[in-house]
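Visitor: Quick one, fold the following:
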Amino acid sequence: MEFSEKRRSERVDIHVRVELLLPSGRRDPIEAITADMSGTGMRIRTHTSIEERKTLTSRIYFPGEEEPLTVPCRVVRVEPVTDGARGCFYIACEYAKMFSRMKERFVMLFCAAAVNYAVGGLTPSMVK
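Guide: Model (predicted):
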């Protein structure tokens, strides 16, 4: 499913594990996987719906990294998945302001993941 929007940067089909932490005090993170990512946001697939405009913290698990990258984000859109998967949602998030060190690390990891997908070295089953 494609969202119709004006994007500030091109999205790339990258599938990595993400944990979402809500500020509401929920103890367990929400497990998700990215459907695509860009330099300004990501679209994730999960079994839990989240309110639009909700601010949350995402932990992005890039392949080959021991520690996840923690990125604050804001939910901009939530839509049900229509490929037959019951109870699944696509959640579009935009990254909140990243400090320069975090942004540098994100760019490096995002580019490495994009190259791995482009050359066929990484498949979605390898990120679980």
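Visitor: And the nearest residue to T57 once chain neighbours are set aside, how far from V107?
Guide: Excluding the flanking residues, the one nearest T57 by C-beta to C-beta, 6 or more residues apart in numbering is L21, at 4.3 Å. Using the backbone N, CA and C atoms, a C-beta is placed for each residue, glycine as well. Noted for L21: a distance of 23 Å to V107, by C-beta to C-beta, to the nearest Å.
Visitor: tell me which strands and helices the longest strand along the chain is in contact with?
Guide: Under DSSP state E, the strand in the chain containing the largest number of residues is strand 69-80. In this structure, strand 69-80 packs against strand 41-46, strand 55-61, strand 89-95, helix 100-118, with contacts taken as 3 or more C-beta pairs under 8 Å, 6 or more residues apart in numbering; DSSP states H and E.
Visitor: weakest of the ones you listed in terms of mean pLDDT?
Guide: Among the helices and strands packed on strand 69-80, helix 100-118 has the lowest mean pLDDT, at a mean of 82.
Visitor: So which bits of that one are buried?
Guide: 105-106, 109-110, 113-114, 116-117 (16 or more other C-beta atoms under 10 Å).
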